[in-house]
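**Student:** This is the structure alone, sequence omitted:
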C-alpha cells in the first residue's frame, strides 16, 4: 500500500515517508513496515504476523507504479482511501468514482462482489487492467466484464 497513518493520525504517502517514523494501517491500525529499496516502488506492508483482512494483499511493481502514475494524472483523486462502510480501499478515489487498477488474478465472482459493493453504496467503479489482462486471443468472461459497464449489467 502507498498510504499509511503516522503517529499524529495523518495520512502519509510512502513516497514521502521517513524510515525513522512509525506508521500504522488506516484500516486495522496495526504497525506497518516501510519498504524503500532500489528495485521496488516505495510502499508500506503489514508484518506477516499482523496481516489485516482488508488491506493485506500483495502488490506487484506494475500495480504500485500504475497507481502512482494514475494519481499524478488524475489530480483531484486520492490514493487508497479506506471506505469503512464498504470495507474496501480502491486504488484511487475520484469523487464517487473508485478506480481499481487490477494487475493480478481475480475470480469473476470476486469482481462481481466488489463491483456490487461499490454500486450498493452509490459508487460507480472504474476498472483499469494491467498487462496480465490483455487478451492473447479470445477474451474471458472476466475480461469482458472489465470492458463493459451498465447499471444493469451485473444485476
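**Tutor:** Alright, I've got the coordinates. Keep in mind that this is a model prediction, so the values were computed, not measured.
**Student:** For the helix or strand residue 116 falls within, report the contacting residues that lie outside it.
**Tutor:** Under the criterion of DSSP states H and E, residue 116 resides in helix 108-120. Helix 108-120 is contacted from outside by 86, 88, 90, 98, 100, 124-125, 127, 141-142, 145-146, 151, 154, using CB atoms under 8 Å, 6 or more residues apart in numbering. In this view, the C-beta of every residue, glycine as well, is placed from N, C-alpha and C.
**Student:** Helices - which of these land there?
**Tutor:** The helices, defined by DSSP state H, take in 141-142, 145-146 from the contacts of helix 108-120.
**Student:** so which of these comes closest to residue 64?
**Tutor:** Closest approach to residue 64 among the ones in helices among the contacts of helix 108-120 (CB to CB): residue 146, at 19.9 Å.
**Student:** Quickly list what the closest residue in space to that closest one that isn't next to it in sequence is bridged to.
**Tutor:** In this structure, residue 146 finds its nearest non-sequential neighbour in residue 127, 4.8 Å apart by CB to CB, 6 or more residues apart in numbering. Beta bridges link residue 127 to residue 100, judged by DSSP bridges.
**Student:** Now restrict the ones in helices among the contacts of helix 108-120 to buried residues only.
**Tutor:** Buried residues within these, counting neighbours by 16 or more other CB atoms under 10 Å: 142, 145-146.
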